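> I would like the atomic coordinates for the input below:
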Amino acid sequence: MKVSFQLNIFINGEGYIVSEKLTEDHIKDMRRFSWQIRMEAIRCIAAFGLGHVGGSMSVADVLSVLYNGEMKFDPSDPQWEERDLLVLSKGHCAPALYATLALKGFFPMEWLKTMNKNGTHLPSHADRLLVPGIDMSAGSLGQGGSVAAGMALAFKLDKKPNNVYLILGDGESQEGQVWEMALFAPQHHLDNLIAFVDYNKLQLDGFCDDICAMGDMAAKFEDFGWFVQNLEDGNDVVAIHEAIETAKTQTTGKPSMIVLNTVKGLGWSEIQGKTNSHAPAVSPQQLEEALAELQRHYDAI
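Numbering: from 1, shown residues only. The predicted structure follows:
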């Protein structure tokens, strides 16, 4: 079944800009789906024994919004020409995307238990040649932005309405190639490119500010010519939805950047917001404890 939504914006009583079709049930579905992504991602990682838990937890909410109404896609036809494209440039957070795709029916849930094992379809970093629903293979950080900009330009040249979504990491944004793309996209008026920075303030070796401070990410992209929105709570699915809708309807001819101020490892208190959150080992006992905690978040919705 192909998934596509056309949404109309209005202001509700809580001050959110939401669509007429974004009902309370839809909001609850997106929130629940975020916690499902987290639970399946950590199961996936624990089956191997270790992996990129922290970033997978922090991107779960934007993935939930994208795959619950914002993106056009068809699990039965992953190469559908009218689909929107997603580039997860921070490809080490593939467990979250794998969980999302499995939950949406792109491939069997059983595959999640095989990540990084011999014969798997699911390597540690997203691979478009092995995984249905992956639009770009990820590897060296910084390259995804350039690929996403190229995709968006190709759609423009072909006069196609497809959108391209890009998820960058904050540590990744220390790469110079990201800023070459940041110059290129506005020059070519790529308003079909909607990018996100997962600004969880942590990277492999510690806090971003202690390694190579990025400063005001929103101001930087704005100075480079982007239409920028800075979300104080980048894990709020309603705020993310609002920002994407605003990006889609802005008429500046600019690419959009949505800075998501997120929490690394959100939902598992043992690592949440801590320097050990990037790629910890996950023992069977830790998995049980983490799942119990994540389930409580899910049940509270």
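> please count neighbours and contacts with C-alpha atoms only from this point.
OK.
> residue ranges with poor pLDDT in the stretch 51-200 of the chain?
Scanning the stretch 51-200 of the chain for pLDDT under 70 picks out nothing.
> could I get the full set of helices for it?
Per DSSP state H, counting those that start in this stretch, the stretch 51-200 of the chain carries helices over the ranges 53-58, 60-65, 94-103, 143-157, 176-187.
> what's next to the second one, contact-wise?
Contacts of helix 60-65 from elsewhere in the structure, counted by C-alpha atoms under 8 Å, 6 or more residues apart in numbering, are 30-31, 33-35, 37-38, 96-97, 100, 234-237, 240-241.
> just those: which are in helices?
Of the contacts of helix 60-65, the ones assigned to helices by DSSP state H are 30-31, 33-35, 37-38, 96-97, 100, 237, 240-241.
> let me have these in a markdown table, extended by distance to residue 254 and neighbour count.
Shown next, in a markdown table, are these (distance: C-alpha to C-alpha, whole Å; neighbours: other C-alpha atoms under 10 Å):
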| residue | distance to residue 254 | neighbour count |
| --- | --- | --- |
| 30 | 28 | 25 |
| 31 | 30 | 22 |
| 33 | 31 | 22 |
| 34 | 29 | 25 |
| 35 | 33 | 25 |
| 37 | 31 | 27 |
| 38 | 33 | 32 |
| 96 | 29 | 32 |
| 97 | 27 | 23 |
| 100 | 29 | 24 |
| 237 | 24 | 22 |
| 240 | 19 | 25 |
| 241 | 19 | 26 |
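> quick one: contacts for residue 37?
Residue 37 neighbours (C-alpha under 8 Å, 6+ apart): 60, 64, 96, 99, 100, 103.
> next, find the distance separating the first one from residue 290.
Read that as residue 60. 15 Å (C-alpha to C-alpha, to the nearest Å).
> what does the last one give?
Between residue 103 and residue 290 the distance, using C-alpha to C-alpha, works out to 19 Å.
> okay, those two: which has more neighbours?
residue 290 (22 against 16; other C-alpha atoms under 10 Å).
> quick check, that one in a strand?
No: checked against DSSP: H, G, I helix; E, B strand; the rest coil, residue 290 lies outside a strand; its state is helix.
> isn't it up against residue 268?
Yes: if you go by C-alpha atoms under 8 Å, residue 290 and residue 268 touch, sitting 5.5 Å apart.
> what segments of this protein are strands?
Applying DSSP state E to the chain gives strands spanning 9-11, 17-19, 85-88, 164-169, 193-199, 202-203, 206-207, 227-231, 256-261.
> any chance of CSV for the contacts of residue 37, columns distance to residue 135?
Below are the contacts of residue 37 laid out as CSV (distance: C-alpha to C-alpha, whole Å):
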residue, distance to residue 135
60, 18
64, 17
96, 15
99, 16
100, 14
103, 17
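> just give me the neighbour total for residue 158.
So residue 158, with other C-alpha under 10 Å, has 9 neighbours.
> same check, this time on residue 225
For residue 225, the count of nearby residues is 19 (other C-alpha under 10 Å).
> list the contacts for it?
183, 186, 254.
> switch to 6 Å and redo it
The contact partners of residue 225, taken as C-alpha atoms under 6 Å, 6 or more residues apart in numbering, are residue 186.
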